[in-house]
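[1] what's the 3D shape of this:
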Amino acid sequence: MRRRIRTAAIAVLVVGFAAGVAGAASPGDGPALSDVPTANAKSAGLAPASRLSPELRQIAVAQSSAKLENGTAQVSYYGYDNDTVNADGEPQMLPTPSVSNEAHKTEPDKNTYLVFPRGLPGADASYDYGTHFLFQGHEGGTPGYITRINLDADAAHRVTLLATADTTGAPIVTIDGSTWDPWAQRLLFTTENQNAPTYAATPGYPSAVRDVSGALGRGGYEAIQDDGDGNIWIVEDIGGANKTGTTAKIPNSFLYRYVPRQPGDLANGKLQVLQVRNAAGAPITQASQTAVNSPDQLALHVYGSSFRTRWITIHDTVSNGTAPFNANVLAKAADGTPFKRPENGVFRPGTHFGEFYFDETGDTNATSVENASAGGWGSIFKLTQDGPSANRGSLSIFLNGNQAHAGFDNIQFLSRDSLGVVEDAGDTLHGQRNALDSGYVLDADADYGDASNQPLRWLAEGRDPSATIDSAFGGFGKNDGDNEITGLHVSNGDPTVHGVLGAEAPKLWHEGWRWFYTQQHGDNLTFEVVPAG
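    Down below sits the predicted model:
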């Protein structure tokens, strides 16, 4: 009875609140959430708490200061290098009167959740690690490394260091994106560095990590995602140069698709780049977007517009061999279409992998002359195809950002129609707009060209004391100020081909579906989001 009353009361609260906030409403099939009305302000020395929709709460599943069960001399804690240590040989997590420096914070990034019913081995051969695991690569510090959060384990076995080197003995480079390829039965990790490897790794301990950039290439790769045919989609984020005399960036990053010879083959296949054509039928290239507010760039960001697309092969292992190659260079030579720092991309469930949403982070600077017109605040695009392997499709703008909704980073569907989006506005824009980052829910069926439709804020992110200190002291030359929302991830952990994200509509908190994200920088807390009740 109490549960029924509480549920009814929450329903009334949600309806009443939505009626009072025009346009801020949850999609019908997603979690019913109330809008958090404002972001947290950025203020020197202030470490405000995060605020979530009242229907939600979050549980920390790991944080920087958690000791690894099998740490090394270089890495002994979840989120710190041992480059600066205290008198006891532990990483210097905060400055003290005698040590005015900090250890390098390694910034766990994209989350990948998997369930292995038979379990996985860990560093302790006598311990049962359970069946539920969260994998992450680390974005900062030296060496790069891969960790596994053992969600069923006790504190002593909670986080396992899976690898710091690949199978050749070469140190792993810092990692950004991750996903699971069920055909290859490998984790895939990307590095936001066009001269660094793309990796495939086994999920057990120790992890065998292999460089697969002889087929998938190297780029400023950020997001990586399989589709239902076994192709691998990659979203690139390379900032590039500014347009002359401005803080507006020249579009410099591409959307790629790797087509393996057969699903799961990470050594033989074709890498393709997306090419978008303008109204005259000409490719939209970097050269056509170097001028401030160029016609092609303006047109791409007009609500209601649609542009024809096609995939162009830029590397084929049959004819080009299997030596690592720079995909960004090849994409430009093939007249691929670059965007302003795309970060992540996901398939909309229920579309048979026919709708792919990806974001632009944009210029992350309030002084950009292209903010309101050409994606400077950030944007979300929708690519529509007849199927994931189709060679032609159409591209349209789904959402243009503004000062209050800017610097889009991770995106993830919470349900068939509910698209979760989080910001990485950066320390400069935080100060310019006096607002820290937020997380939003968008309705995939809404027309955001209509100003009455507005994103619903589910998270007004705060700033932990560690990040506040970093912001005040310039990160001590190696750490970022403020916290960033990253690794937004909703999955039921299915490691089979049926579990590819986008194959099934998420059923949050039912049938094994779980929601994670990481509050990066500072204390690097990884959270699970659960119902408040």
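[2] for this protein, give me the ranges with low pLDDT.
    Within the chain, the ranges that satisfy pLDDT under 70 run 1-24.
[3] point to the residue nearest the middle of it.
    With distances taken as Cα atoms, centre = their mean, the residue of the chain nearest its centroid is N410 (3.6 Å).
[4] just the element for it, please.
    Assigned by DSSP states H and E, N410 belongs to strand 408-413.
[5] for that strand, packing partners?
    Here strand 408-413 touches strand 342-347, strand 355-360, strand 379-385, strand 418-423, strand 484-491, going by 3 or more Cβ pairs under 8 Å, 6 or more residues apart in numbering; DSSP states H and E. In short, each C-beta sits where N, CA and C put it, glycine included.
[6] can you put those strands in TSV and add distance to G230 and mean neighbour count?
    Converted to TSV, those look like this (distance: least, Cβ to Cβ, whole Å; neighbours: other Cβ atoms under 10 Å):
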stretch	distance to G230	mean neighbour count
strand 342-347	13	25
strand 355-360	15	26
strand 379-385	16	21
strand 418-423	24	26
strand 484-491	18	25
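[7] reformat the ones you listed as JSON lines; add distance to G141.
    As requested, the helices and strands packed on strand 408-413 are exported to JSON lines (distance: least, Cβ to Cβ, whole Å):
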{"stretch": "strand 342-347", "distance to G141": "21"}
{"stretch": "strand 355-360", "distance to G141": "26"}
{"stretch": "strand 379-385", "distance to G141": "31"}
{"stretch": "strand 418-423", "distance to G141": "23"}
{"stretch": "strand 484-491", "distance to G141": "16"}
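[8] so for V235, which of those sits nearest?
    strand 342-347 (4.6 Å; Cβ to Cβ).
[9] for that closest one, the distance to its chain's centre please.
    7 Å (Cα atoms, centre = their mean, to the nearest Å).
[10] before we move on, what about stretch 183-197?
    The answer for stretch 183-197 is 14 Å, by Cα atoms, centre = their mean.
[11] what bridges to the closest residue to P455 other than its chain neighbours?
    Excluding its sequence neighbours, the residue lying closest to P455 (Cβ to Cβ, 6 or more residues apart in numbering) is Y440, at 3.8 Å. With DSSP bridges as the criterion, Y440 is bridged to V421, R457.
[12] residues contacting Y440?
    For Y440, the contacting residues are 405, 420-422, 455-458, by Cβ atoms under 8 Å, 6 or more residues apart in numbering.
[13] check W509 too.
    By Cβ under 8 Å, 6+ apart, the contact set of W509 is 515, 530-531.
[14] which of those residues fall in strands?
    Among these, the ones falling in strands (DSSP state E) are 515, 530-531.
[15] just the buried ones from those, in PyMOL syntax?
    In PyMOL syntax, the buried subset of the ones in strands among the contacts of W509 is picked out as below (16 or more other Cβ atoms under 10 Å):
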select buried, resi 515
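[16] including distance to R348, could the ones in strands among the contacts of W509 go into TSV?
    Listed next are the ones in strands among the contacts of W509 as TSV, based on distance: Cβ to Cβ, whole Å:
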residue	distance to R348
W515	17
V530	24
P531	24
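[17] and the closest residue to I149 other than its chain neighbours, what helix or strand is that in?
    Counting by Cβ to Cβ, 6+ apart, L134 is the residue found nearest to I149 once chain neighbours are left out, at 4.1 Å. Here L134 sits within strand 132-137, counting by DSSP H and E.
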